[in-house]
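1. requesting a structural model of the entry that follows:
(chains A and B)
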There are 2 protein chains.
Amino acid sequence: MSGEGGASRLGRRLLKVRDRFVAERLDGLLVTHGANVRYLTNFTGTSGALLVGTSTCRLVTDGRYLTAARALLAAPDGPPDTELVPVERSYEATVSELLAGTGWPRIGFEVAHTSVKTHRQWTDRVGQAGQAGAQVPELVETYRIVEQVRAVKDPGELSTLRRAGQMLTEVAGEVRRTLEPGQRELEVAATVDHTLRSGGFERSAFDTIVASGPNSALPHAQPGPRRLAEGDIVLLDFGGVHDGYCVDLSRVATIGPPTEAAQRLHAAVADAQTAAIEAVRPGAWASDVDGAARRVLEERGLGEAFGHGTGHGLGLEIHEEPRVARRDADRERAVAAGADGPLAPGMVFTIEPGAYEPGFGGVRLEDDVAVTDDGCEMLTDVGRDLWVVS
Amino acid sequence: MSGEGGASRLGRRLLKVRDRFVAERLDGLLVTHGANVRYLTNFTGTSGALLVGTSTCRLVTDGRYLTAARALLAAPDGPPDTELVPVERSYEATVSELLAGTGWPRIGFEVAHTSVKTHRQWTDRVGQAGQAGAQVPELVETYRIVEQVRAVKDPGELSTLRRAGQMLTEVAGEVRRTLEPGQRELEVAATVDHTLRSGGFERSAFDTIVASGPNSALPHAQPGPRRLAEGDIVLLDFGGVHDGYCVDLSRVATIGPPTEAAQRLHAAVADAQTAAIEAVRPGAWASDVDGAARRVLEERGLGEAFGHGTGHGLGLEIHEEPRVARRDADRERAVAAGADGPLAPGMVFTIEPGAYEPGFGGVRLEDDVAVTDDGCEMLTDVGRDLWVVS
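-> Sure thing, here's the model as predicted:
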């Protein structure tokens, strides 16, 4: 046991999840989404499930991860009151047996992370146990229980993300120094990925984007054989994973001196990003932050050119809550879907407005912020000037 | 139009999918799994859905990918008779509207790739359209329709995989030359990934495994700060993606001269791999190949030390059909689940037996093969000797 109130870090997370049991009338929650399982247990295997009860947990995993899981449960900062359940035959069979054997009336499962196939197997097998006379649980649909807890980072997570932001800042400087005219997009992407690794990241957080010339107008371009040529705008979007946590950055270069059009586009996006960053504070809505960026771009006649949302949460996943997107006319629906909501201290997300002109090129500037008690802290600290490569 | 019988490559794939419509009494199939959508359309965006009808298709995607999708549909080797449907509001809303508007009585969806949440949104919205008087489709559960077609590669895929195997062979040679005592697992993994990229791969096919000393006994170890030390077994497992297709290789090194125990383990696994490779031929069952490897290891007292299956299919995904695993007593169930079945020419998979001794270390040897008319072709061609590093 360590930290505040005698509860461990994982213990405090479990408490927050169990707080939701009351409103949803749950006796347990079956967590199957990998990032959610990791958040509650530190388990990093690619297959595993966690059954959270009101006072104990069971971690289900298969032969590949049993040795690692045993070490985890025995560790002082490991998951409290958690028992290991090895998979026999199949995950579905083991989980179903576990569910049927609890005697708990209502057990939640994660609708967004359970396939129709898996759900059918659970209900069929649990139903069979019921026909055989056991008192079996009702499987209750739940949505975003662990995700909402994860949206507010605890002090340990914030310090990991802060360090990751510093590392990404250094990587960006190194990437800037290595850019040269004539390089192929794919080469530049390989260099970015290598720089992320030599800069201390476990791996890239997503497929690095290097989009040159007209390709930069495609917000999700894949790097190809195209060579960086005089006059090009080059959009770079990359991120790394440090201790499991993701950070994300975008910057824009021009090959040779920027054209006036490129400068105008860049200045508009930089102003939009500044406005969005200034709008971040506890109690503001995520969509207010998006609105601040969008207003600047609309004023410059670039409203149509900004076709995506302003940002996304960062943590164990590269895209998580909060979503920072356009306001929905139906606010209640947006809140229920996790598409909008009030910001709270400890939330961490990207701010990445962009403007794209098909055939010409695009600009996106992206940094990572943490909401503080009275505004925000920048996790990345990279100059926002256009990188001029010659 | 090009190739055999006047049908294009994508047209032939669609024909094979539509062949399944009869047995399943379908008027259409909604394909939502990314690799399946790509296989049938060449579309490489991360979000998209394809509604396959008996003579036409609709490709649904969002603003990020519309420009790329339009170019694809206009390309001479693009998907035949396919119309683009841009997402409005949300994928669920657009897909539901599309489904409800078809007038088709029965439309299949992919149970293994549809979440309970998405399925509920489709059925609710389609149901509402039905209440409003429209004749709406029944949504029918389907499993592995496109996956089974994908399991047998066409000539173009085989030539891509052959080239990828050659590239991986070269990368392995380069990796072998760069190994040195004292390197950290994470450094070695970074070098492997960089070598994959400079060797022409788009990216690594999965998180590279570098497991040294006792870590090599964990079949799915993650590389860490541990340094390669005298006497270590080092297990390397890596792969690359070329033109969207995955290849995969494992080799084992020792730091300094191998101990007798390491040599014995390595020889046993090499013999098991040879036996498995010799068992590959059309008509043999996938589980026969597994059995051939398993028998060798059992004879050496290493049956318990081999806790995973012998291989997995390779293609647009790093794990796909066929699965090459232990025979199931219930053969019919195994076939229905895609866990076993007869091999056919054009199937491509890994052969990767291993033996792991907790606390000591593990050995796995992995190569990639294609089933031919009378046996198999090795796609990777790397010596299977122990790599001795000094």
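2. ok, which stretches of the stretch 1-150 of chain A are strands?
-> Assigned by DSSP state E, counting those that start in this stretch, the strands in the stretch 1-150 of chain A fall at A:28-31, A:49-53, A:57-61, A:82-86, A:106-110, A:138-142.
3. ok, the nearest residue to A:Leu365 once chain neighbours are set aside - contacts?
-> Of all residues not flanking A:Leu365 in the chain, A:Gln273 sits nearest, at 4.9 Å (C-beta to C-beta, 6 or more residues apart in numbering or on different chains). (Each C-beta comes from the backbone N, C-alpha and C, glycine too.) Listed by C-beta atoms under 8 Å, 6 or more residues apart in numbering or on different chains, the contact set of A:Gln273 reads A:293, A:351-353, A:365, A:367, A:384.
4. pick the one among the residues you listed closest to B:Arg327.
-> Taking C-beta to C-beta as the measure, B:Arg327 lies nearest A:Glu352 of these, at 51.4 Å.
5. name the nearest residue to A:Pro258, ignoring sequence neighbours.
-> For A:Pro258, the nearest residue in space outside its immediate sequence neighbours is A:Leu386; the separation is 5.5 Å by C-beta to C-beta, 6+ apart.
6. any part of stretch A:94-112 near chain B?
-> Yes: contact of stretch A:94-112 with chain B is found when judged by C-beta under 8 Å from any C-beta of the partner chain, involving A:109, A:111-112.
7. how long is that stretch end to end?
-> End-to-end distance of stretch A:94-112 (C-alpha to C-alpha, to the nearest Å): 21 Å.
8. any buried residues in it, and which?
-> Within stretch A:94-112, the residues that qualify as buried by neighbour count (16 or more other C-beta atoms under 10 Å in any protein chain shown) are A:94-96, A:98-100, A:102, A:104, A:107-111.
9. show me the helices in chain A, by range?
-> Using DSSP state H, the helices found in chain A span residues A:9-23, A:34-41, A:66-74, A:91-101, A:116-131, A:145-150, A:155-178, A:185-198, A:260-278, A:286-299, A:331-336.
10. now those as CSV including mean pLDDT?
-> Written out in CSV, the entries for those read as follows (pLDDT from 0 to 100):
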stretch, mean pLDDT
helix A:9-23, 96
helix A:34-41, 98
helix A:66-74, 91
helix A:91-101, 95
helix A:116-131, 94
helix A:145-150, 98
helix A:155-178, 98
helix A:185-198, 93
helix A:260-278, 97
helix A:286-299, 98
helix A:331-336, 91
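11. so A:Val60 bridges to which residues?
-> With DSSP bridges as the criterion, the beta-bridge partners of A:Val60 are A:Ala49, A:Val85.
12. how many residues are close by the residue of the stretch 251-390 of chain A found nearest chain B?
-> With C-beta to the nearest C-beta as the measure, the residue in the stretch 251-390 of chain A that lies nearest chain B is A:Gly307; the distance is 4.6 Å. By the criterion of other C-beta atoms under 10 Å in any protein chain shown, A:Gly307 has 15 neighbours.
13. now the one 5 residues further on
-> For A:His312, the neighbour count with other C-beta under 10 Å is 21.
14. now do A:Gln148
-> Neighbour number of A:Gln148 under other C-beta under 10 Å is 16.
15. mind checking how far the residue lying closest to it once chain neighbours are set aside is from A:Gly45?
-> In space, A:Gln148 comes closest to A:Glu321 once its chain neighbours are excluded; the distance is 6.6 Å by C-beta to C-beta, 6+ apart. In this view, A:Glu321 and A:Gly45 are 24 Å apart by C-beta to C-beta, to the nearest Å.
16. circling back to that earlier point, the helices of chain A: which one's closest to B:Leu59?
-> Counting by C-beta to C-beta, B:Leu59 lies closest to helix A:116-131 out of the helices of chain A; the figure is 22.5 Å.
17. that older thread, most neighbours, which of the contacts of A:Gln273?
-> By neighbour count, taken as other C-beta under 10 Å, the most surrounded of those turns out to be A:Pro353 (31 neighbours).
18. residues contacting A:Arg384?
-> Residues in contact with A:Arg384, defined by C-beta under 8 Å, 6+ apart, are A:251, A:270, A:273, A:365.
19. ok, A:Ala151 next?
-> Remark: with contacts taken as C-beta under 8 Å, 6+ apart, A:Ala151 is in contact with A:313, A:315, A:320-322, A:344, A:347.
20. got phi/psi on it?
-> The phi and psi values for A:Ala151, taken as degrees, to the nearest 10, are phi -60, psi -30.
21. can you count the residues close to the residue nearest to it when sequence neighbours are not counted?
-> The spatial neighbour of A:Ala151 that comes closest, neighbours along the chain excluded (C-beta to C-beta, 6+ apart), is A:Glu321 at 4.0 Å. Neighbour count for A:Glu321, taken as other C-beta under 10 Å: 22.
22. would you mind measuring from A:Glu321 to B:Gly213?
-> The value you get for A:Glu321 to B:Gly213, if C-beta to C-beta is used, is 40 Å.
23. do A:Ala68 as well
-> The gap separating A:Ala68 from B:Gly213 is 15 Å, by C-beta to C-beta.
24. of the two, who's got more company?
-> In this view A:Ala68 and B:Gly213 are compared by other C-beta under 10 Å, and B:Gly213 has more residues nearby, 20 against 16.
25. for that one, list the residues it contacts.
-> Residues near B:Gly213 by C-beta under 8 Å, 6+ apart: B:226, B:229, B:231-234, B:361.
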